[in-house]
Structures are given as C-alpha cells and as structure tokens.
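[1] no sequence on this one, just coordinates:
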C-alpha cells in the first residue's frame, strides 16, 4: 500500500489478508488462490503488508476490550492515513469486526467478504466462474458463523458454488441454524472445556453424513477446524476441505 | 344479602389485580437495578419486530410442531380473554351473559362458539405439550438446569391451563342445560359446538344442583384466572406479557456487532494522542470512568439484559442449538438466563427485607455462573438466533468475560499467551509482524 501511496495512486480495493491468511500455512493457500482470482479479473488491489495488524477480534471476544480497541484504533489510523474506502477480506472475523465494530471508532469503509466480492466480479462479467473439475461433484457448504448468522450472508458463497455446477447438498443444520465449527470467540487459541466431544468433530460428522467429496468453507478458521475434524474421522483420503476461492481458482487450474 | 356475590367478586378482583400490580412494580424495580441503555434508535424496525416475532410468532414456527401448538394456545389465550371481560362485568353487576344483551345474537353466538372451539384446541395443545415434556421426554426439557422447581413449574402451568379450559366448558354445558330447563336468570344465548357433547353428563340433575355446578365452575374459572395471573411473577411464564417489550428492546444491529465500551475508547484515544496532558484534571462534567469493566453481578448488567432474564420461559431452544452444550460442555445459554433471574430475585428479596441491598457475599459470577461455562462459548450466536423472544444470552457471557479479563486478568493461560502475541506482534500467534507479506513470494 505504501508503494501505491508513494506513486500517488489509489487501488480499487484493499485486500485485508488477516493473521491466518498471512501466517497459517493452510490459510496462506487461500490467500494465494484469492490473489490469483483478483489478478485474473484484473482487479487493481493492494495489501497493507507489514503494516497490517490483528483486527482485535479474538481479544474482544475473549473479553479484552482494551486490547481490542488499541488494535482497532491503530489499524484505523493506518487505513485512514491511506484514505482507504473499500476493503475485501477472506476472513469472516476480520470482515465482521471491520464492518460492525470499526465504524464506532472512526473507521468507515465499504467492506466485503471475499465470497461477496467474487460474486460481484462474476456479476460484472470480470470473472468467469465455471464448473471445470468440480462439475457435478457432491459438495456441502459449512456456514461461517461470522458471515452467516452474524451478518446475514448465506447466499454469496452458495451462488458461487452453484456457478461451479457442483451438486450442493445441505447439512441438516445449515444457514441460520448452521452449527459452529468451534473456533469462534477466541476458542481457536485455547483448548476446549471438558465435554463429550470436540465441536469440530461433531460438525464434521454432520458434514460427512452428506457423503461429500469436498467440504466447502469460507473462513480460514473453519477450514482448520474442519480439516482437523476430517482427520479425526480418518476421512482425509476421500474428503477435502477447500475454501470457495480455492475451488474457483482450482476449477480453472490457476 | 343479594349483593354478597357482587361484593365478594369485587374483593377477589381487587386482591388479584392488586397483588399482581404490587409484584410487577417489584419486577420493574429489580430491572432498574441494571444500568440504563439507550434504545431510542431503529424505532420502526423495533415495532416491526414486535409485530413479526412477538405477535406473529415468526420464530416459534422454525420448529413446526411446537410452533403450531404454541400458536393455538397463544391465539386461544388471547381470544378467550374476551370471555373474561364478560365474566368480569357479570361478576361486578350481577348480570348473566351480559354481552348477549348488547351484541346481536348472531355475533354473540359466533363468539361463544369460537371460544369453545379454541378452548378445546387449547386443551388438546396443552395435553400434547405435557406429553412432550413428561412422556416423550424431549431432551431439552430434561437438562441439568431443569431439575426440581423449573420442571414442576412448567407442569403446574400446563395443569392450570387444562383445569381452566375444563371449567370453562363445564360452565357452558350446565348453562345450556339450565337454559333448556328455562331456569330463571339463564337467558337463552350462545352457541355451544363443543360443550353440547358434555350436556348428557348433566341431564339428570336437578336445577339446584345444576346451578351449583354452573356457579361453581364460573367462580373457579375466574378465581383460577386471578390465581394464574399472580402465579406468573413466581414462574417462568412471565413471557406472555414480557415477550412484547423484550422483543421491542431486542438487538436490532447485526448479531456479530458487539458493543464498544466508550470508557475504553476515551482511554485509548488519550494514549494515542501525543498532545494529551497526562496530568490534566478531568474536564468539568466529564463522565467518570465506570466503577468496573464488564459484569460480575446483575447490577453490572443492562436493564435489557435483566428484562431478558425475566422474559425467559426456559424453552431451551437456545441450549439445544448451542455447539458447546451439544458436545457436552457445561455451558447452557438457558442456564445463563435462569441464573441471572435467580440472582436478581435474590437481590430483590434482600432489598425487600433490608430496605436497600445489603451485600450478601454472593455474586452472579462463581456463585451462579461458573468460569468454565463462560469460557466454553464460541460466540456463534446460535442461542440468540434460536430464541423466539429475542433474548441475548451471549451479551451476558461477553460482559462476564470482560470482567474476568479486564478486572481480574483471569483468562485461560492459552488466551493470555494469544493476547500477549497480539499486543507484541499484531497476531494471535508468535510470528513476526515483518513476516506478514512472506506468502507473496512463497509457492
């Protein structure tokens, strides 16, 4: 972003990569797939790179409001100094925080989840989404809580999957009643409380009941949880967990 | 002498309504122990929620079977209350079926007939509800927090409704028989599609016996309603009134939006402003920092959260959708609401006794809600989505987590590590912020 600024240019959109997308080996693949799609659609985008920092979501949801606001205001200062208007992110947690909790702290941006953004690119005719290798494959979609229930977006990822001509099968608990993968509310960063079962295993069992070839996700944390779940059920040879963006990129062998 | 029934009726009505009013005032006083919240925003949306969710029961029918049964009982309850209006007028003035003299015969017959059909449907609905709880033993009604009083409370309410409906139909059946016999006072009025089938049971009785049964059923019915009205405050059944205001005050912003603490904002702004004078006296009229962050007791919660607690009817839809609860963790969003109410009631009784709240060495945290429950939440909003009356258990969990972290630094160790990482290197993991863009050049 700094380079854009130095050249006196503004990108069409800022890609907010997020911590998982920057550091987690699995999530980095999603980041790269999404970037390939942005390039394919000739989207002029920038990233903050080393100037990006945690949105503060896990801190806030763990109860540390002070740390959250420190993070938020630092980020807002950076974003505002670059006069950012439009942001896209592949992480529903970053999406939710920037969309809902930053405006009250002086950060007002048009923010889109990457599935919403890809859908708009598709509708504008800038990005072709076609079946390719996923055509006719049985796929179930796991709703991320912070995209679905938290912000009411259930259709964008499904519309993209439909365009991939997959056979979309819904789990018993889907959309507004979708079961959490177990990562939200800072659970990703701690061991679960004692119980009968891990939440990601419960959710994976439900996904496997639909006998899918692929479990589609739209959140790097859901992706990790479901991938671990599939491993726990020893199903990793027959079932893949893929982000919607990865599927679109793979469909065309990008 | 002849006015004795009227006087007794007026006394019963006054005692019933009076005691209820007294308790409602107590309830309002207790809710006001919470801090004020501004709910003057989104007025049209709030009203539309009341119409859709509360009046229209839109969230009840997400589960079709109990949803439909509930609509029957709910519609029956509201419509049959028109009959209660007639009973009250008759009781005060010593009239009999006064509306039949005011309304056109056709309309009156239609009303009575629809009350009867609804009464029968309510009776069936309530019996099915009872069956679901006690025979079918649906899991959500047999959770840990439902042992003892909550389980009995739910059944008492169902028995109450059964008895009231049976009394209503008995009253009508004997009335018909008396009308047919031409008994004095019993004007011929009404149409009785349901209770006509009960008439044969009363056909061989004398007029005096019939009058005794009819009057007995009439009195027990109205006294039952008054007792039921007063039972509400002590039971989980307050939702029949509070659901409406509760839905009005329900969350109208996206579920993922958690409130930002203004007091923290001011502090953070001060920290980030290089020009601020750290020793400056606070400006005149500046709002003082709150006594504490987050909530450890009910007084730290908002009035809306406390209203939530009184509104909860313990249906358990929240708990049955909670990922933590489903996988055997201790957390149950319903228990969060029940605990909040229990603690609030305890404080209310403390105030009744002492004139003001005398610290009792207890609080909501630990004495009611354990830390293990609070840390099991994934903030997924399934409980908020599931609640048919817009209760937000998640907001209480979040406030209590805030207290644990900001007042007690009592987060689980792994979370403390994550938060330290965020503070030091801008990510919950221990990676260097300078490596954020490394993915660009990796394959």
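    Noted; the coordinates are in hand. All figures in this text were calculated on a predicted structure; none of them were measured in a lab.
[2] Pick out the residue of the stretch 151-300 of chain B closest to chain A.
    Chain A sits closest to residue B:256 of the stretch 151-300 of chain B, with a gap of 2.7 Å, by CB to the nearest CB. All C-beta atoms are positioned from the backbone trio N, CA, C, and that covers glycine.
[3] Contacts only, for that residue.
    Neighbouring residues of residue B:256 by CB atoms under 8 Å, 6 or more residues apart in numbering or on different chains: A:96, A:99-100, A:146, A:149-151, B:381.
[4] Among these, which one lies nearest to residue B:2?
    Nearest to residue B:2 among the contacts of residue B:256 is residue B:381, at 62.5 Å by CB to CB.
[5] Would you agree that closest one is in contact with residue A:149?
    Yes. Assessed by CB atoms under 8 Å, residue B:381 is found in contact with residue A:149 at 4.5 Å.
[6] Residue B:218 - that's part of a helix, no?
    Yes. Assessed by DSSP: H, G, I helix; E, B strand; the rest coil, residue B:218 belongs to a helix.
[7] pretty sure it is touching residue B:172, no?
    No. Taking CB under 8 Å as the definition, residue B:218 is not a contact partner of residue B:172, at 9.9 Å.
[8] give me the number of residues near the spatially closest residue to residue B:256 that is not a sequence neighbour?
    Once flanking residues are discounted, residue B:256 sits nearest to residue A:150: 2.7 Å by CB to CB, 6 or more residues apart in numbering or on different chains. Residue A:150 has 26 neighbouring residues, counting by other CB atoms under 10 Å in any protein chain shown.
[9] mind checking how far residue A:150 is from residue B:42?
    Here the criterion is CB to CB, to the nearest Å. By it, residue A:150 lies 18 Å from residue B:42.
[10] now do residue B:74
    Applying CB to CB, the value for residue B:74 to residue B:42 is 26 Å.
[11] higher neighbour count, the two?
    residue B:74 (17 against 13).
[12] can you pull out the strands in chain A?
    Secondary structure of chain A, counting by DSSP state E: strands at A:13-16, A:45-46, A:86-89, A:110-113, A:138-141, A:167-168, A:214-217, A:240-243.
[13] Please work out which of those strands is packed deepest.
    The highest average neighbour count among the strands of chain A, using mean count of other CB atoms under 10 Å in any protein chain shown, belongs to strand A:214-217 at a mean of 26.
[14] what's it in contact with?
    For strand A:214-217, contacts defined as CB under 8 Å, 6+ apart pick out A:134, A:137-142, A:144, A:157, A:161, A:166, A:204, A:207, A:223, A:226, A:230, A:239-244, A:247.
[15] got the contact list for residue 36?
    Since you didn't name a chain, this refers to chain A. A:249, A:254.
[16] my bad, the chain I had in mind was chain B
    B:302-303.
[17] Tell me how far residue B:172 lies from residue B:105.
    16 Å.
[18] To clarify, my last question referred to residue A:200.
    67 Å.
[19] Going by residue numbers, what spans are helices in the stretch 101-250 of chain B?
    For the stretch 101-250 of chain B, helices defined by DSSP state H, counting those that start in this stretch occupy the ranges B:105-134, B:149-181, B:199-202, B:207-232, B:239-248.
[20] Also chain A?
    For chain A, helices defined by DSSP state H occupy the ranges A:2-6, A:18-23, A:25-40, A:57-62, A:65-81, A:92-96, A:114-123, A:155-163, A:199-209, A:220-232, A:244-251.
[21] Just the mean pLDDT for the fourth one, thanks.
    Average pLDDT, helix A:57-62: 96.
[22] How about that helix and chain B, touching?
    Yes. For helix A:57-62, a contact with chain B is found by CB under 8 Å from any CB of the partner chain, at A:58-62.
[23] Check what pLDDT the residue lying closest to residue A:109 once chain neighbours are set aside gets.
    Residue nearest to residue A:109 in three dimensions, not counting chain neighbours: residue A:87, with 5.0 Å by CB to CB, 6+ apart. In this model, residue A:87 is scored at 98, pLDDT.
[24] wait, what's in contact with the nearest residue to residue A:190 once chain neighbours are set aside?
    Spatially, and ignoring its direct neighbours in sequence, residue A:190 is nearest to residue B:414 (4.1 Å; CB to CB, 6+ apart). Neighbouring residues of residue B:414 by CB under 8 Å, 6+ apart: A:189-191.
[25] Just checking, which helix or strand of chain B averages the lowest pLDDT?
    Lowest on mean pLDDT, DSSP states H and E among the helices and strands of chain B sits helix B:262-272, with a mean of 85.
[26] That helix to helix A:65-81, inter-axis angle?
    Computed with axes from the mean of the first three to the mean of the last three CA atoms, to 10 degrees, the direction of helix B:262-272 lies at 60 degrees from that of helix A:65-81.
[27] helices or strands up against helix B:262-272?
    helix A:65-81 (3 or more CB pairs under 8 Å, 6 or more residues apart in numbering or on different chains; DSSP states H and E).
[28] if we can go back for a sec, the residue nearest to residue A:109 touches residue A:99, doesn't it?
    No. In this structure, residue A:87 is not within contact of residue A:99 by CB under 8 Å, at 9.1 Å.
[29] how many other residues sit next to residue 158?
    I'll assume chain A. Residues within reach of residue A:158, counting by other CB under 10 Å, total 21.
[30] think we crossed wires, I meant chain B
    Based on other CB under 10 Å, the number of other residues close to residue B:158 is 19.
[31] next one: residue A:194
    10.
[32] Tell me who's in contact with it.
    Contacts of residue A:194 (CB under 8 Å, 6+ apart): B:328-329, B:372.
[33] Okay, strands next: where are they in chain B?
    Going by DSSP E, chain B shows no strands.
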